[in-house]
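*Asks:* Need coordinates for the below:
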Amino acid sequence: MDASATPPDNRSRFAGDLSAPEPIPEAGIDVAVGLMRDGRLFRSGEDRNSLPEAAVLEEEFAAYMGMKYCVGVNSCGCSLFVALKAAGVEHGDKILINAFTLAPVPGAVAHAGGEAVLVDITERFVIDVDDLDRKAAASGARYLLLSYMRGHIPDMDAVMEVCRRHKLIVIEDCAHTMGGSWNGHLTGTFGDVGCFSCQTFKHVNSGEGGLIVTNNEDIAARMVLLSGSYMLYAQHRARPGLEVFERHKYDTPNCSMRMSNLVAAILRPQIKLIDERAQKWREIYTLFSQHMSDVRHIQMPERPEREGFVPSSLQFMLTGLNEEQIEKFLATADENGVHVKWFGVKDPVGFTSRHEHWRYLGEAGEVPHADRILRGLCDIRLPLWLTPDDCETVSRVLKEAVTEAVEPS
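*Replies:* Presented below is the predicted three-dimensional model:
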C-alpha cells in the first residue's frame with residue numbers, strides 16, 4: 001500500500017491513514033464466525049465437551065512468554081488493576097509510576113485504591129533509575145508499576161537492582177512492548193507480573209483486551225478469581241493447581257473482567273505473528289531514523305543495543321520551538337496527511353494526556369525532567385503496511401512542517 005502523493009503546491013503530502021490497522025487473520029475470523037453461529041461467546045461455560053477459546057489463548061500466550069500462568073481480561077487497564085489487587089495492594093498504598101505514561105495507568109492505581117508517586121524520566125523517554133531510587137526510599141512504596149511507555153525500555157538490569165534493594169513488587173505495563181526485550185529477556189518477565197494490551201493499535205488486535213502473566217501461583221490464583229471465573233476456575237489451562245485456589249476463593253471478589261471467547265478467538269492466530277510483526281516494525285522505524293536523524297529541531301531518542309524494542313509508534317522531541325511554532329508544525333503536518341499527537345498540549349486530547357491533567361492524583365511528586373521533555377514530545381503511529389516510499393513521504397512532511405514553523409514564508 002503506497003500512500004505517497006505530491007500536491008500541486010510542491011509540499012509533500014501523505015495520502016494514507018496512519019490509524020489504519022492490519023486486517024484480522026482469516027483463521028481468527030473463521031473461528032469467531034463459528035462461535036457467533038454457536039452462541040457460546042461467554043468466557044466460561046457448562047459445556048463439558050469443548051474448551052473455552054479464552055482458556056486456550058491463555059495457555060498459548062503463557063507458552064509464548066515462557067511463563068507458567070496467564071489470565072485474559074477485557075483491557076490492559078483491567079489487567080493493571082487485577083495485577084495490583086492480586087499482588088496485595090490495599091487502600092492508601094503508595095505505588096511508584098513513570099511520569100510519562102497514559103491515563104489507564106494512574107486510573108488503575110486509583111481503581112485499586114492506591115496512591116501514585118510519580119518518578120521522573122530521561123531523554124530516552126524511560127524511567128529515571130536514580131529518581132526511582134530516591135522516590136522508593138522517600139515514599140516507602142512497596143510497588144512499582146513500570147510502564148514501557150510507547151515501547152521505550154530502560155536499563156532493566158539497573159531498574160531491577162533498585163527494586164531488589166527496596167524490596168519492590170514490580171508490575172510491568174507492557175502495553176507497548178509485546179515481543180520486546182532487554183538484553184534478550186522479554187519484557188513482562190522481569191518483575192512479579194506482566195500486563196499486555198490487545199487494543200487495535202498494539203501488537204495483536206482484538207479491538208480491546210488484556211493479557212497478564214506471572215510465575216507466582218498465589219498471585220495467579222487471585223487474578224483468575226478477580227477476573228471473574230466464578231467457581232469454574234478449573235477451566236483455565238494456564239493456572240496453578242486447584243489446591244492454590246482453596247487458599248483464596250473465599251476472600252477474593254469476582255470483578256467480572258475476564259476476556260470473552262470471541263475476543264480470544266480473534267487473538268489466537270495473531271500470537272504466532274508477534275515476532276514477525278516486531279521485525280517489520282523495527283525495519284520501518286529504522287527507515288524513519290535514517291530520514292530524520294539530521295533534521296534540525298527534531299530530536300530522536302537513543303536506542304541502546306540491548307533494547308529489543310517493538311516500535312508500533314514513533315516519538316521525537318521538538319527542540320527550540322515555542323508553543324505557537326509547535327502548533328503551526330502540528331497544523332501543517334495535519335494539512336498534509338500526517339496526524340501528530342503532542343504531549344505538551346494544554347488540555348488533554350484524544351488518547352493523549354499527562355500527569356498535570358490527572359488532578360485526582362493530588363500531590364504525586366515533582367518530575368522536572370518529564371515536564372520539560374513532555375512539553376516538546378510528539379508521537380505518530382507506525383502501521384505495518386507502511387512501505388519505504390511511505391516512510392520517506394511521512395518524513396518529508398514532518399521536515400517541511402518544522403521548517404515552515406520555524407521559518408514561515
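*Asks:* for the stretch 301-409 of the chain, which spans come out with low pLDDT?
*Replies:* Residue ranges of the stretch 301-409 of the chain with pLDDT under 70: 408-409.
*Asks:* Which parts of it are strands?
*Replies:* Remark: strands assigned in the stretch 301-409 of the chain by DSSP state E, counting those that start in this stretch are 307-308, 313-318, 341-342, 377-381.
*Asks:* Out of those, which one sits most buried?
*Replies:* Ranked by mean neighbour count, the strands of the stretch 301-409 of the chain are led by strand 313-318 with a mean of 22 (mean count of other C-beta atoms under 10 Å). In this view, the C-beta of every residue, glycine as well, is placed from N, C-alpha and C.
*Asks:* Next, the angle from that one to strand 377-381.
*Replies:* For strand 313-318 against strand 377-381, the angle by axes from the mean of the first three to the mean of the last three C-alpha atoms, to 10 degrees is 150 degrees.
*Asks:* Doesn't Leu211 belong to a strand?
*Replies:* Yes. Counting by DSSP: H, G, I helix; E, B strand; the rest coil, Leu211 falls inside a strand.
*Asks:* Could you find the closest non-adjacent residue to it?
*Replies:* What sits nearest to Leu211 in space, not counting adjacent residues and going by C-beta to C-beta, 6 or more residues apart in numbering, is Phe196, at 4.4 Å.
*Asks:* again with Lys85
*Replies:* Per C-beta to C-beta, 6+ apart, closest to Lys85 is Ala112, 5.4 Å.
*Asks:* which residues touch the one you found?
*Replies:* Neighbour list for Ala112: Phe81, Leu84, Lys85, Val89, Ile95 [criterion: C-beta atoms under 8 Å, 6 or more residues apart in numbering].
*Asks:* Mind checking which of those residues are buried?
*Replies:* In the contacts of Ala112, burial by neighbour count holds for Phe81, Leu84, Lys85, Val89, Ile95, counting by 16 or more other C-beta atoms under 10 Å.
*Asks:* Give me the subset of those residues lying in helices.
*Replies:* In helices, defined here by DSSP state H, the members of the buried ones among the contacts of Ala112 are Phe81, Leu84, Lys85.
*Asks:* I'd like to know how far the first one sits from Ser229.
*Replies:* Phe81 sits at a distance of 16 Å from Ser229 (criterion: C-beta to C-beta, to the nearest Å).
*Asks:* before we move on, what about His291?
*Replies:* According to C-beta to C-beta, His291 and Ser229 sit 49 Å apart.
*Asks:* Neighbour count for the two, which is higher?
*Replies:* In terms of neighbours (other C-beta atoms under 10 Å), Ser229 is the more surrounded of His291 and Ser229; the figures are 26 against 18.
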